[in-house]
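[1] sequence? don't have it. structure:
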């Protein structure tokens, strides 16, 4: 099975993707790890797409991340897109908590990059993940609603999770098929 977990920053897609990968005994692929370089520099698209194609060249995986410009690569053979679409207030609360927690612990986000959240970066800069969440929540919702009916993606099973019950029901369904 090939699964892409998508959703707005802070919604919990990484946590769910890791749970799915572990429960299904599949490799976990984090798009942020493929993209981010030291000093918060991004990987050029041609290199990102090549790394993504290589990482997904396997019989099964769970991919965590949006990077909508990469859909032609990541959705080429994907079986399922799991869209974590929790409400705005919950998503924002989780994004704030995660940013504060990472800043407090000085946690390196992707090994070898040295990239860490700081209180300044998270709460008082244009690069704020919280600002990103505020700016992208509505646009992501519109985009994924459109993707679900787009004929280009008719080969994909879209699963929209709007609350924890939906999430646990999906986990139960997929674990039963294992």
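    Looks like it arrived, so ask away. Computed from a predicted model, the values in this text were never measured in an experiment. Numbers count the residues shown, from 1 in each chain.
[2] Any idea how many residues pack against residue 59?
    A count of neighbours around residue 59, defined by other C-beta atoms under 10 Å, yields 8. Quick note: C-beta positions are derived from backbone N, CA and C, even for glycine.
[3] gap between it and residue 24?
    The gap separating residue 59 from residue 24 is 12 Å, by C-beta to C-beta, to the nearest Å.
[4] need the strands for the chain, in chain order.
    2-6, 28-30, 36-37, 41-42, 61-64, 80-84, 157-161 (DSSP state E).
[5] Go through those strands and name the closest to residue 99.
    strand 36-37 (15.6 Å; C-beta to C-beta).
[6] pLDDT (mean, whole number) over stretch 40-48?
    Average pLDDT, stretch 40-48: 97.
[7] Go through that stretch and flag the buried ones.
    Neighbour-count burial for stretch 40-48, counted by 16 or more other C-beta atoms under 10 Å, picks out residue 48.
[8] end-to-end on that stretch?
    15 Å (C-alpha to C-alpha, to the nearest Å).
[9] circling back to that earlier point, how about JSON lines for the strands of the chain, with distance to residue 99 added?
    Compiled in JSON lines, the strands of the chain are given as follows (distance: least, C-beta to C-beta, whole Å):
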{"stretch": "strand 2-6", "distance to residue 99": "20"}
{"stretch": "strand 28-30", "distance to residue 99": "17"}
{"stretch": "strand 36-37", "distance to residue 99": "16"}
{"stretch": "strand 41-42", "distance to residue 99": "19"}
{"stretch": "strand 61-64", "distance to residue 99": "18"}
{"stretch": "strand 80-84", "distance to residue 99": "18"}
{"stretch": "strand 157-161", "distance to residue 99": "22"}
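[10] and residue 136, which of those strands is closest to it?
    Smallest distance to residue 136 across the strands of the chain (C-beta to C-beta): 11.5 Å, for strand 2-6.
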